[in-house]
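> no letters, just coordinates:
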């Protein structure tokens with residue numbers, strides 16, 4: 001395709017359809033594009049080479065570790081770190097324009113820092129928790145992200161702080177160290193914005209579009225202590241915020257599989273709605289009497305902050321748009337926040353409201369799929385209603401005949417909706 005366009009450029013210039021300057025810009029564009037694509041395998045294999053080399057050094061040292069003296073162990077522990085620093089320094093000074101070298105050096109140095117810390121701790125029997133090790137490692141490697149402008153180091157940093165949040169929030173009871181995750185996340189966000197502005201087509205940006213929402217989703221639950229029910233408000237608001245971010249013009253111009261924010265937002269919203277559609281959840285809320293001190297609990301504060309943030313984004317996004325363009329999935333968090341006190345007092349009303357809301361979203365999605373002539377959207381709406389029917393299969397006392405008839409009707413609706421859309425395409 002690109003070669004055909006380049007071949008036609010002289011003809012277009014001779015026919016005065018485009019200027020010579022425009023033709024040269026087109027040639028430069030495709031030349032840079034070809035250069036980027038040719039460097040991509042080098043970049044990938046450079047990162048893999050750094051990972052494998054680092055692991056190989058660790059394995060060789062580990063095999064002979066017990067036979068070495070303490071002094072030798074200490075020297076060997078610092079060798080990977082020194083090699084990584086030399087490689088990173090040389091790359092910055094001499095090869096700053098070669099991103100593949102920078103990624104490989106940053107990856108090796110990132111792993112070397114963690115290996116050196118753990119080895120020195122083991123050699124001199126320095127006590128400590130894994131959370132302290134992770135925090136120290138991530139703080140030492142954070143400057144590496146910006147000095148080397150390394151997407152790999154940034155992704156490894158996100159993995160590290162997510163593991164740190166899980167270690168301190170889920171696996172260590174009563175720890176308050178998990179709150180350090182949030183300033184660490186804020187510290188790496190400027191690099192994400194750098195990728196967003198300077199390298200919008202980068203594969204590293206695509207990976208960040210997935211790593212960021214998944215990391216925040218995992219870490220948000222670490223604030224839960226005693227009033228976990230407020231976390232449902234926080235999570236639905238978080239997924240609503242993801243949907244709004246994923247609906248920005250930048251993400252809409254890309255393939256759906258590259259839009260981790262939108263996929264996580266949809267998946268999280270649907271999963272929570274199906275869980276909240278069971279009456280047993282709402283009955284369990286009433287067993288825990290509401291107390292005034294719950295208003296200053298971390299869970300309640302988190303729910304308020306995330307809901308306000310999502311609400312401000314929603315207002316900003318639709319301030320100059322007609323309400324007809326509003327996606328109902330993006331306002332589910334507001335509906336749930338308003339409905340939550342009612343469900344707390346009247347469990348049956350809460351369950352019915354969630355079921356009706358989920359049914360409405362399914363019907364709306366089917367209607368949108370038919371209007372946009374999209375089988376994918378249409379079947380997603382049908383799947384949502386089917387999932388709701390399956391949930392009610394285990395939650396009601398209907399006879400097996402009634403349940404069977406219900407499933408038959410849902411199955412027939414799949415055939416009817418798809419047949420209607422295909423027939424509409426043929427007649428168009």
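Great, that's in hand. Source: prediction; values computed, not measured.
> hmm, residue 76 is touching residue 68, no?
Yes. With contact defined as CB atoms under 8 Å, residue 76 reaches residue 68; the gap is 7.1 Å. Every C-beta, even on glycine, is put in place using the N, C-alpha and C of the backbone.
> comparing those two, which residue is more hemmed in?
Counted by other CB atoms under 10 Å, residue 76 and residue 68 do not tie: residue 76 has more neighbours, with 18 against 14.
> pLDDT wise, what is the more buried one at?
Looking at residue 76, its pLDDT reads 80.
> next helix or strand past the host helix or strand of it?
Assessed by DSSP states H and E, residue 76 sits inside helix 70-94. Next helix or strand after helix 70-94 toward the C-terminus (DSSP H and E): helix 99-123.
> and that next one, what does it pack against?
Judged by 3 or more CB pairs under 8 Å, 6 or more residues apart in numbering; DSSP states H and E, the packing partners of helix 99-123 are helix 20-63, helix 70-94, helix 130-147, helix 151-169.
> worst average pLDDT in those helices?
Taking the mean pLDDT of the helices and strands packed on helix 99-123, helix 20-63 comes last: a mean of 61.
> in the helix holding residue 76, which residues are buried?
Buried residues in helix 70-94, defined by neighbour count with 16 or more other CB atoms under 10 Å: 73, 76-77, 80-81, 83-85, 87-88, 91.
> now stretch 344-361
347, 350-351, 353-355, 357-358, 361.
> what's the answer for stretch 188-204, then?
Neighbour-count burial for stretch 188-204 flags 188, 191-192, 194-195, 202, 204 (criterion: 16+ other CB under 10 Å).
> quick one: which of those residues sit in helices?
Under the assignment DSSP state H, these contribute 188, 191-192, 194-195, 204 to helices.
> just give me the residue right at the centre of this structure.
Closest to where the C-alpha atoms of the chain average out (CA atoms, centre = their mean) is residue 213, at 2.7 Å.
> so that one, which state does it fall into?
helix (DSSP: H, G, I helix; E, B strand; the rest coil).
> sorry, back to before: now the ones in helices among the buried residues of stretch 188-204 in CSV, with distance to residue 133 and pLDDT?
What follows is those, written out as CSV (distance: CB to CB, whole Å; pLDDT from 0 to 100):
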residue, distance to residue 133, pLDDT
188, 19, 96
191, 23, 95
192, 25, 94
194, 28, 92
195, 28, 90
204, 26, 90
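> out of the residues you listed, which is nearest to residue 330?
Closest approach to residue 330 among these (CB to CB): residue 192, at 22.0 Å.
> for the closest residue in space to the closest one that isn't next to it in sequence, the count of nearby residues, please.
Leaving aside its chain neighbours, residue 192 sits nearest to residue 208 (5.3 Å; criterion: CB to CB, 6 or more residues apart in numbering). Burial of residue 208 is recorded as 23 neighbouring residues (other CB under 10 Å).
> pretty sure residue 208 sits against residue 156.
No. Using CB under 8 Å, residue 208 makes no contact with residue 156, being 12.0 Å away.
> hmm, back to that, the residue nearest to the centre of the chain reaches residue 262, doesn't it?
No. Using CB under 8 Å as the test, residue 213 is too far from residue 262 to be in contact (9.2 Å).
> which neighbours do those two share?
Common neighbours of residue 213 and residue 262 (criterion: CB atoms under 8 Å, 6 or more residues apart in numbering): residue 242.
> now for the helix holding residue 76, which elements pack on it?
Helix 70-94 packs on helix 20-63, helix 99-123, helix 130-147, going by 3+ CB pairs under 8 Å, 6+ apart.
> swap in 7 Å and give it another go.
Applying 3 or more CB pairs under 7 Å, 6 or more residues apart in numbering; DSSP states H and E, we find helix 70-94 packed against helix 20-63, helix 99-123.
> buried residues in the one helix or strand residue 312 maps to?
If you go by DSSP H and E, residue 312 is part of helix 298-317. Buried residues in helix 298-317, defined by neighbour count with 16+ other CB under 10 Å: 298-300, 302-304, 306-307, 310-311, 313-314, 317.
> relative to helix 298-317, how tilted is the helix or strand following it?
Using DSSP H and E, the helix or strand that follows helix 298-317 towards the C-terminus is helix 332-345. Interaxial angle of helix 332-345 relative to helix 298-317 (axes from the mean of the first three to the mean of the last three CA atoms, to 10 degrees): 140 degrees.
> what number of residues lie near residue 383?
Taking other CB under 10 Å as the neighbour definition, residue 383 ends up with a count of 15.
> can you give me the distance of the closest residue to residue 137 other than its chain neighbours to residue 120?
Leaving aside its chain neighbours, residue 137 sits nearest to residue 114 (4.8 Å; criterion: CB to CB, 6+ apart). Look at residue 114 and residue 120: by CB to CB, to the nearest Å, they are 11 Å apart.
> these two - which one has more neighbours?
residue 114 (21 against 15).
> do you know how far the more buried one is from residue 324?
52 Å.
> same question, residue 313
In terms of CB to CB, residue 313 sits 19 Å off from residue 324.
> then residue 212?
31 Å.
> out of the two, which sits in the busier spot?
Remark: of residue 212 and residue 324, residue 212 carries more neighbours, 21 against 5, as counted by other CB under 10 Å.
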